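In: Build me a model:
(chains A, B and C)
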Amino acid sequence: MDKTLAPEQKRCTILDSMIDNRYREEIPDIVDLVVNSCSDKGCFDHLDSAVIPSKEALTEIIDLIRDILFPGYFGDQTVDRNTLSYHVGNEITELFNKLSEQITNSIIHECKRYEEECTECVDRGQEETLMFLKKIPEIRSMLASDIIATYEGDPAAKNYDEIIFSYPGIFAMTVYRAAHELHRQGISIIPRIMTEYAHSAVGIDIHPGAKIGKGFFIDHGTGVVIGETCEIGNNVRIYQGVTLGSLSFPKDESGRIIRDQKRHPTIEDDVIIYSNATILGGDTVIGARSVIGGNVWITESVPADTKVIIEEPRLIFKEKKH
Amino acid sequence: MDKTLAPEQKRCTILDSMIDNRYREEIPDIVDLVVNSCSDKGCFDHLDSAVIPSKEALTEIIDLIRDILFPGYFGDQTVDRNTLSYHVGNEITELFNKLSEQITNSIIHECKRYEEECTECVDRGQEETLMFLKKIPEIRSMLASDIIATYEGDPAAKNYDEIIFSYPGIFAMTVYRAAHELHRQGISIIPRIMTEYAHSAVGIDIHPGAKIGKGFFIDHGTGVVIGETCEIGNNVRIYQGVTLGSLSFPKDESGRIIRDQKRHPTIEDDVIIYSNATILGGDTVIGARSVIGGNVWITESVPADTKVIIEEPRLIFKEKKH
Amino acid sequence: MDKTLAPEQKRCTILDSMIDNRYREEIPDIVDLVVNSCSDKGCFDHLDSAVIPSKEALTEIIDLIRDILFPGYFGDQTVDRNTLSYHVGNEITELFNKLSEQITNSIIHECKRYEEECTECVDRGQEETLMFLKKIPEIRSMLASDIIATYEGDPAAKNYDEIIFSYPGIFAMTVYRAAHELHRQGISIIPRIMTEYAHSAVGIDIHPGAKIGKGFFIDHGTGVVIGETCEIGNNVRIYQGVTLGSLSFPKDESGRIIRDQKRHPTIEDDVIIYSNATILGGDTVIGARSVIGGNVWITESVPADTKVIIEEPRLIFKEKKH
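Out: Numbers count the residues shown, from 1 in each chain, chains lettered A, B, ... in the order given. This is a model prediction of the structure:
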């Protein structure tokens, strides 16, 4: 509310002419310092690499995939039934170009990591892209089941349009279902960058390796974590803050953690998991139709048709002193 | 740290000339596949609709509203007292144009949903916009009370400017207080897209239908959920991860959930709710001046002047084996 | 799925010519109303200020810092070892220009708050920027230790590149470690805007005043809160939803909260804190090598080498009725 400012303070505004070369003279030494420090052990660099995965390109790819999956909902022009095929044709061509470049880059990136020569990287990039494009009808059908589950599970949902336009869970599932297919094809780096983009956008962290059945509904969603080796059945509903995580990490003889192993739970069909519940461990199975209450912490299996809640009277009520 | 790359690997970089038409020849078939799959049940489309709500336009609208509510804080030019009225005049005119277009679109969208003819949509869009603009002084006054409550409730807050420039709770409340007024006017879709934009930006999920009194302070905020039919009094303070949610969904005779009913709690004046507490149910009332401890899970009413905490000695301390 | 739309509804599309001046005539009165309401108590303004901190500029600054810290990982062009020094030279020069402008602005802003004249603001802005630039090798080395700790602590991490490209914890730590150095130099407003930008991007809320040792690993991260006066040792690992917060706010004789005091816990070396655990209070010390279980709520110190978990059998299992 600084209401009383002396007018002579105005001169403090920076003028280019006021920038004193005295300070700029120090820059070359700092550049040397920074460049030299990068030869140390304490620096991760990505130099001499022909390719960098582009988060911007992947964001555009996600937008394109969403437009194709839900025709007419997004974008800046309306689409009608007569010209739908031109519209989809354009978008699929653009998606082919952008996605095949990124997939090719990721294949080249892997070749270099293992110091292999990659003679067929560009061909494989295009083949993998076509394989992905052919899965769009299946991805769309899975997402339709998620949207219907959302409408049926949320009394605050006014209609399907509201869900598609604004629900964070549907955005996260759109990105996950696309990324999961790329992950299944063995594409590296890209699926994780895609799901971390969704995580950043809506606070829902689904690893592209998780397996999730149809009719999955995430309400509110902030703080949800679904780990790499989860297996989730059909018509499962979860709320904000739910973690499906790992319990502990077995190590090999040299003390390194073992990376390829089921570490995350299995959730059978028609289970409901309320907010901030935590379910951990690769051997943990939540049986079909069970209900897990809010804030529950589970590290062992639960039979089918069971309700697990926190013991009731754990609260202390005190009258406040005035 | 891939430091040892053979130079011949460089040729893997994609050249346009390397793109093989063999792959592109498959695109038309894929387009047909995708277009045809959209006639199935498993596809949500938004075709033949004259209008699409624009998230980009709504984001610009939120920026304009924030500039008008807090003159001189945002935007790329400084504002002085002498020219304030020109500045505000320009911004209100721009807001009128953009918001009346979006509101008109949302009215047309509703007309079409119910297959009504909409002869006065454009007039109504402008009337509703004017009605909203007249509420700006009241919205500003409510937000001023939120800012003062934030300063008084947070020892880490250095001054009001820091709060307005950077606090996520104030951003969420700015968007909510504007969206809530549009919601009260019966505008559809837009209020929810606005609050979901804030949810995405700062992780605080406030339904535009909730009623929140003055002097509301949300600290940190990630994971907060405030449901559609919540009623919150004056000078309430809540922390990150607090859920004010619904307990269960009554269904009608045909098994469908009933949508218009108070499902979320009532929080009276001067209540404090600590982090990750969960309060559920439409009949649950937290009485005035009560304090709800962290991680508490409440589904029944709490009288006024009461402190509710989790029972103390529930922790097990074990010495770790070496 | 609105598939049956009458063609005459098409005329509802807004045409500029349809905008009725009747409504626009009301705008000047509304502008007066809004401008006049800003002289009231219920308005925060930032008028007659020479400078506004620019969130856009600070976002660009964060991108530059990240490019310099991890050469070749981000940006739109590949970098090779031969030209690294030119690349870094350009980026450091650009960072100097942008950051010195923002720091100078923040110094001028403080001068004005205390109604002091600021004759050396521009000089100080450049000096402080140089001081920050010289710390880049140290910041880089700390972040390298965080990346190694992440790889060693997360079985889902495939390699270092994936961590640097996509892990939200590394993004949050990059912003925090830079902002913390600016905070130590006594720069106001900027560090908090930077960490709130990271909070908004990845849901991890670290106050720039917190002190964090090397090898810090945050997994998943959404909902993490690390308060202003936390002190965290080396090789600490925390999971999503962990709060290191304050317990209560002592007030001075006039009833105002005391702002400069240790209010947040101390976490010693090699501690692990699992998801959604809450540790509160300035006198609370978690001893070295201790493990704090998920959902635990702690307000008192824990000795070294201790494991604290929630008491086991607090769950009720009920068979569901069909």
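In: C-alpha from now on. contacts and neighbour counts both.
Out: Will do.
In: what's near enough to touch A:His87?
Out: Residues near A:His87 by Cα atoms under 8 Å, 6 or more residues apart in numbering or on different chains: A:Val79.
In: Go again with 7 Å.
Out: Counting by Cα atoms under 7 Å, 6 or more residues apart in numbering or on different chains, A:His87 touches no other residue.
In: doesn't it fall inside a strand?
Out: No - assessed with DSSP: H, G, I helix; E, B strand; the rest coil, A:His87 is helix; it does not lie in a strand.
In: ok, the residue positioned nearest the centre of chain A - contacts?
Out: With distances taken as Cα atoms, centre = their mean, chain A has A:Thr195 as the residue nearest its mean C-alpha position (2.1 Å). Shown in contact with A:Thr195 (Cα under 7 Å, 6+ apart): A:175-176, A:179, A:206-208.
In: same question, A:Ala198
Out: A:Ala198 touches A:172, A:175, A:204, counting by Cα under 7 Å, 6+ apart.
In: Is it correct that A:Ile258 is in contact with A:Pro250?
Out: Yes - under the criterion of Cα atoms under 7 Å, A:Ile258 makes contact with A:Pro250 at 6.0 Å.
In: if I look at A:Asn262, how far off is B:Ile107?
Out: No, residue A:262 isn't Asn; it's Lys. From A:Lys262 across to B:Ile107, the span is 51 Å (Cα to Cα, to the nearest Å).
In: quick one, helices of chain A?
Out: Taking DSSP state H, the helices of chain A run over residues A:21-24, A:27-37, A:55-69, A:84-113, A:121-133, A:136-153, A:160-166, A:168-184, A:190-202.
In: Tell me which of those is the most buried.
Out: helix A:190-202 (a mean of 25; mean count of other Cα atoms under 10 Å in any protein chain shown).
In: how close does the closest residue to A:Glu26 other than its chain neighbours sit to C:Thr104?
Out: Computed as Cα to Cα, 6 or more residues apart in numbering or on different chains, the closest residue to A:Glu26 that is not its neighbour in sequence is C:Leu130, at 7.8 Å. To C:Thr104, C:Leu130 is 12 Å away according to Cα to Cα.
In: was I right about A:His264 contacting A:Thr243?
Out: No - applying Cα under 7 Å, one finds A:His264 not in contact with A:Thr243, separated by 9.9 Å.
In: shaky segments in chain A?
Out: Residue ranges of chain A with pLDDT under 70: A:1-20, A:40, A:50, A:312-317, A:320-322.
In: How far does stretch A:91-101 sit from its chain's centre?
Out: The chain centre lies 21 Å from the centre of stretch A:91-101; the measure is Cα atoms, centre = their mean, to the nearest Å.
In: no, scratch that, I was asking about stretch A:183-196
Out: On Cα atoms, centre = their mean, the centre of stretch A:183-196 falls 10 Å from that of its chain.
In: Please save the CA atoms from it in PDB.
Out: The C-alpha coordinates for stretch A:183-196 follow below in PDB (Å, rounded to 0.1, in the frame of the first residue of the first chain):
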ATOM      1  CA  HIS A 183       5.700 -48.000 -22.700                       C
ATOM      2  CA  ARG A 184       4.400 -51.500 -23.800                       C
ATOM      3  CA  GLN A 185       6.100 -51.000 -27.200                       C
ATOM      4  CA  GLY A 186       9.400 -50.500 -25.300                       C
ATOM      5  CA  ILE A 187       9.900 -46.900 -26.100                       C
ATOM      6  CA  SER A 188      12.200 -45.300 -23.500                       C
ATOM      7  CA  ILE A 189      12.100 -41.900 -21.800                       C
ATOM      8  CA  ILE A 190       9.100 -40.500 -23.700                       C
ATOM      9  CA  PRO A 191       6.300 -42.300 -21.700                       C
ATOM     10  CA  ARG A 192       7.800 -41.100 -18.400                       C
ATOM     11  CA  ILE A 193       8.200 -37.500 -19.600                       C
ATOM     12  CA  MET A 194       4.500 -37.700 -20.700                       C
ATOM     13  CA  THR A 195       3.200 -38.900 -17.400                       C
ATOM     14  CA  GLU A 196       5.400 -36.500 -15.500                       C
END
